[in-house]
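> With the sequence up front, the predicted model follows.
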Amino acid sequence: MLTVDLARGSVRELNAALHRLGPDSNETRWRVLNPRGQHAIAVGLEQPVLVEIDGHVGYYCAGMNKLATVVVDGNAGQGVAENMMSGKVWVKGDASQAAGATGRGGLLVVDGNASARCGISMKGIDIVVKGSVGHLSAFMAQAGNLVVLQDAGEALGDSIYEAQLYVRGKVQSLGADCVEKPIEDQHKRELGQLLEAAGINGGVDIGEFRRYGSARKLYHFHVDNVGQY
Amino acid sequence: MCGIAGLFLKDAKLEPDLGSMLAGMLSPLNDRGPDSAGFAVYGAETPGHVKFTLRLSSTTDLDELLKELRDSVGSPLTHRLQGTHVVLSIPAEQASPARRVLAGFDGVAIVGGGRRMEIFKEVGRPDDVSRQFGLGRMSGTHAIGHTRMATESAVTTNGAHPFTTGDDQCLVHNGSLSNHCAVRRELVKKGLSFQTENDTEVAAGFITAKLHEGGSLQQAMEACLDALDGFYTFVIGTEGGFGVLRDPIACKPAVVAETDRLVAFGTEYRALVDLPGIASAKVWEPAPATVYRWELH
């Protein structure tokens, strides 16, 4: 295990060291101390390493992640795991706005709450939030799954394309073109796999979730929909 | 951009360190607002007295101003020079005549007034502004500060925050208002005057007008949600504490930390990292379109 203390070195040095790792590197476990809310920690990783961050991080932590596992033992600022390609990002506290924004793959797990615009424009990422998500979550979501164990704020799934949204608690309101859909066996299976991947083994009844997705009315411009734009 | 820091102390033992803690909070926000900075500090009051924080133009003669004030107010007054500002303390019953003298004296701007509030603001890097005013040596119960990256109007001292909204009350703003010209026109019709083209000054004027109409601060803040269009996280300093309001979209960031000893507001968590007990603090984001208030008991 390598330990990097950000009270002694810069985020740029840490990221450069992580970017230098080759596919055969033995330096696969990293621990980061004193993040103190700094931005862009552990971004752009491309190797299957584990980076554990001890404290709260600022904006864009683990952005563009590929293959790596990044664990934040604290809260994350805006845009955690934004544009993630693969791998796993696990926030043990709360996440700020736009968690998992535009993510193309991989798994983002937030143990606490995620605030506004969680999963905005998600393109294949799976996001599991054990608390609640804020308003305009999954705005223009295109692919992937957003699972929320508690509540969702206003305008969930506004202008959604083909992502799947599962919410166990209350949804304050649905956005334009987002509708509730029945949960079939296939969805239950997928939901079970997502919960398991997020480390939730039992204790959560899949039957309590409701599924939301696109009504597919806004895909193409139609004059009758002009009021919705 | 722009940065806001607010600090409200529950534990009186921390009061001597209020200024140095606020300066430390503003420091990581330098890059969010590098063109100017300002802060309001709520320190000790002198019973029966009010204070005005003034800024004088480079050609204004302070001695002459003090002489004119003594001549017309006719009672003892004390003053303290702090950087480019002067804090004037006068008996409360002389506040109105003193205000008339100050308003009529060329080159004097009243930055703020009240029983406890002092406001200091200047153009420059926030760390330099903090040093220039000796923020680190100031004490008090609570304070709010702002680092500005101008978007809607010029980089001037008058355009720096906080903006006063009344006695012992002031506003700082992160964001930009898109209907400030229309709101300003309405407020001018009601008799308010404005010193700048700044959008935040309009928000401050709007709140002032609501309070003059008899509304509570809570109602004035709620009225902002209907009247103001644009992005805003507001922090409003009051004699007893501060309030927070974010626009319904929560466009601008905001973090609050609370411990047994303090409540702190920061645009980013980085502003809060050196506060005592932060590692075990409750850290959360204020919800959009919701008025929050912290007041002394």
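Happy to help now that I have it. Residues are numbered from 1 along each chain as shown, chains lettered A, B, ... in the order given.
> For B:Val273, give me its contacts.
B:Val273 sits next to A:Arg36, A:Gly37, A:His56, B:Pro28 when contact means C-beta atoms under 8 Å, 6 or more residues apart in numbering or on different chains. Yep, even glycine has a C-beta here, placed from its N, CA and C like the rest.
> what's the burial count for the closest residue to chain B within chain A?
Among all residues of chain A, A:Gly37 sits closest to chain B, at 3.7 Å; criterion: C-beta to the nearest C-beta. Around A:Gly37 there are 25 other residues, counting by other C-beta atoms under 10 Å in any protein chain shown.
> Output the longest helix belonging to chain B.
Looking across chain B with DSSP state H, the single longest helix is helix B:199-212.
> Can you name the next helix or strand after it?
The element immediately downstream of helix B:199-212 (helix or strand, assigned by DSSP states H and E) is helix B:217-227.
> Measure how the helix or strand just after that next one sits relative to helix B:217-227, angle-wise.
Remark: after helix B:217-227, the chain's next helix or strand is strand B:230-238, criterion DSSP H and E. Calculated by axes from the mean of the first three to the mean of the last three C-alpha atoms, to 10 degrees, strand B:230-238 forms an angle of 170 degrees with helix B:217-227.
> strands paired with strand B:230-238, and their directions?
Strand pairing for strand B:230-238, determined by DSSP bridges: strand B:169-177 (antiparallel), strand B:241-246 (antiparallel).
> residues of stretch A:11-21 that come out buried?
When neighbours are counted by 16 or more other C-beta atoms under 10 Å in any protein chain shown, the buried residues of stretch A:11-21 are found to be A:Val11, A:Leu14, A:Asn15, A:Leu18, A:Leu21.
> anything in it near chain B?
No - residues of stretch A:11-21 are not located near chain B by C-beta under 8 Å from any C-beta of the partner chain, the shortest gap being 11.8 Å.
> so what are the domain limits for the chain?
Picked chain A for this. Per automatic domain parsing, the structural domains of chain A span A:1-97+A:106-112, A:116-218.
> hm, I was asking about chain B
Taken from automatic domain parsing, chain B resolves into B:3-43+B:124-295, B:45-115.
> mind putting the ones you listed in a markdown table, mean pLDDT included?
What follows is the domains of chain B, written out as a markdown table (pLDDT from 0 to 100):
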| stretch | mean pLDDT |
| --- | --- |
| domain B:3-43+B:124-295 | 95 |
| domain B:45-115 | 92 |
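> Out of those domains, which is closest to A:Gly175?
With C-beta to C-beta as the criterion, A:Gly175 lies closest to domain B:3-43+B:124-295 of these, at 13.1 Å.
> Check the stretch 51-200 of chain B for the residue nearest chain A and tell me.
Among the residues of the stretch 51-200 of chain B, B:Asn174 lies closest to chain A, at 13.8 Å counting by C-beta to the nearest C-beta.
> Apart from its chain neighbours, what residue comes closest to residue 170?
Looking at chain A here, since you left the chain open. Excluding the flanking residues, the one nearest A:Lys170 by C-beta to C-beta, 6 or more residues apart in numbering or on different chains is A:Asp151, at 4.6 Å.
> sorry, should have said chain B
Nearest residue to B:Cys170 in three dimensions, chain neighbours excluded: B:Pro162, at 3.8 Å (C-beta to C-beta, 6+ apart).
> isn't that neighbour right up against B:Lys121?
Yes - when contacts are counted by C-beta atoms under 8 Å, B:Pro162 is listed as touching B:Lys121 (6.9 Å).
> Give me the common contacts of the two.
Shared contacts of B:Pro162 and B:Lys121 (C-beta under 8 Å, 6+ apart): B:Gly38, B:Phe39, B:His146.
> List, one by one, the residues from chain B near chain A.
Selection of chain B residues close to chain A by C-beta under 8 Å from any C-beta yields B:28, B:249-250, B:253, B:255, B:268-270, B:272-273, B:279, B:283-285, B:287-288.
> Now do the end-to-end distance for stretch B:59-78.
By C-alpha to C-alpha, to the nearest Å, the extent of stretch B:59-78 from end to end equals 21 Å.
> Next one: the residue in the stretch 101-250 of chain B that chain A sits nearest to from B:Pro286, what distance?
Nearest residue of the stretch 101-250 of chain B to chain A (C-beta to the nearest C-beta) works out as B:Ala250 at 5.3 Å. Noted for B:Ala250: a distance of 8 Å to B:Pro286, by C-beta to C-beta, to the nearest Å.
> Give me the contact list for stretch B:88-96.
Under the criterion C-beta under 8 Å, 6+ apart, residues B:46, B:48-54, B:69, B:73-80, B:98, B:113, B:115 lie in contact with stretch B:88-96.
> Taking these, please make a PyMOL selection of just the buried ones.
Command for PyMOL that selects the buried part of these, burial taken from 16+ other C-beta under 10 Å:
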select buried, chain B and resi 49+50+51+52+53+54+69+73+77+79+98+113+115
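> Please list the members of the contacts of stretch B:88-96 that lie in strands.
Under the assignment DSSP state E, those contribute B:His49, B:Val50, B:Lys51, B:Phe52, B:Thr53, B:Leu54, B:Thr78, B:His79, B:Arg80, B:Gly113 to strands.
> Find the nearest non-adjacent residue to A:Glu208, please.
Sequence neighbours aside, A:Arg168 is the residue nearest to A:Glu208 in space, at 5.0 Å (criterion: C-beta to C-beta, 6+ apart).
> Show me what whichever helix in chain A runs longest is packed against.
Ordering each helix of chain A by length in residues (DSSP H) puts helix A:185-197 first. Under the contact definition 3 or more C-beta pairs under 8 Å, 6 or more residues apart in numbering or on different chains; DSSP states H and E, helix A:185-197 sits against strand A:123-129, strand A:143-148, strand A:164-167.
> Dump those strands to CSV, plus distance to chain B, mean pLDDT and mean neighbour count.
Formatted as CSV, the helices and strands packed on helix A:185-197 follow (distance: least, C-beta to the nearest C-beta, whole Å; pLDDT from 0 to 100; neighbours: other C-beta atoms under 10 Å in any protein chain shown):
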stretch, distance to chain B, mean pLDDT, mean neighbour count
strand A:123-129, 14, 98, 26
strand A:143-148, 17, 98, 24
strand A:164-167, 18, 98, 26
